[in-house]
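[1] Show me the folded form of this:
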Amino acid sequence: MKVRSRNPDGDKIEMQMSSMIDVVFQLLIFFMLTLKIIEPEGDFDINMPLGQPASSDIEPDLPALKVRMIADANGQLQQLTFNGRDMGRGSEAFQRLNMEVLKAVNALRSAGPATVDKQEVEIDPDYRLDYSNIIAAIGACSGKMENKKMIRYISRIKFAPIRADE
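    Residues are numbered from 1 along each chain as shown. Reported below is the predicted structural model:
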C-alpha cells in the first residue's frame, strides 16, 4: 500500500517551535513568580527549654537571674521585675535592667570568671506581651554596645515555661 503525501511539493513539514518556546517561557515565569524566598532569622544564641527541664551543669548554689515581664491588655509592657524587684515600665525599665544585670555580673566576677560563664538569665514574659519587649529584655540582659563594640554580660538566656493566658 502506498502512502500518499498530502504535501504536493514533497518537502518536509517543519514544526512550529515558537509556540513551544512561548509555553516554556510562561512556565519559567510562573515558577519564578511563585518562588518564596525565606530570609534567615537572627541568631540569638538562646537555650530554649525542650519539654521537661533537663539536668544542667549549673551549680545548685547559682540560681538563674529571673526577669518577669507583665503585659497590659494591649500587649504593651506594664511591669518589668528583676529578681522580684520592680524596674518600672518603658525604655527606662530596660536601662535599669541592664544596670542591675551588670551589678550581678560584677558580683559574680569577684567569685571568678568561670561563674559568669555558668550564670543564666530566665525570662518569663506574659503570653500576650509584644515581641519587641522580649527582644529588648534579651538585649538588656546580654550586654551593651560601647564605642561600637559589644560588651557581653551574660550569654546564657533561657525562657520560663509558657504560662496559661490569665
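[2] so who does Ala93 touch?
    When contacts are counted by C-beta atoms under 8 Å, 6 or more residues apart in numbering, Ala93 touches 77, 80, 87. All C-beta spots, glycine's among them, are computed from the backbone N, C-alpha and C.
[3] Check which helices and strands the helix or strand of the chain with the lowest mean pLDDT sits against.
    The weakest-scoring helix or strand in the chain, judged by mean pLDDT, DSSP states H and E, is helix 113-118 (a mean of 74). Applying 3 or more C-beta pairs under 8 Å, 6 or more residues apart in numbering; DSSP states H and E, we find helix 113-118 packed against helix 91-111.
[4] Could you pull out the buried residues of the helix it packs on?
    93-94, 96-98, 100-102, 104-105, 108 (16 or more other C-beta atoms under 10 Å).
[5] Looking at the residues you listed, which one is closest to Thr34?
    Within the set of the buried residues of helix 91-111, Phe94 lies nearest Thr34; the separation is 41.6 Å, counting by C-beta to C-beta.
[6] what about that closest one, distance to Lys103?
    Between Phe94 and Lys103 the computed distance is 15 Å (C-beta to C-beta, to the nearest Å).
[7] Then Lys149?
    21 Å.
[8] What of Gln16?
    Distance check for Gln16 against Lys103: by C-beta to C-beta, it reads 80 Å.
[9] cool, and Val24?
    In this structure, Val24 and Lys103 are 67 Å apart, going by C-beta to C-beta.
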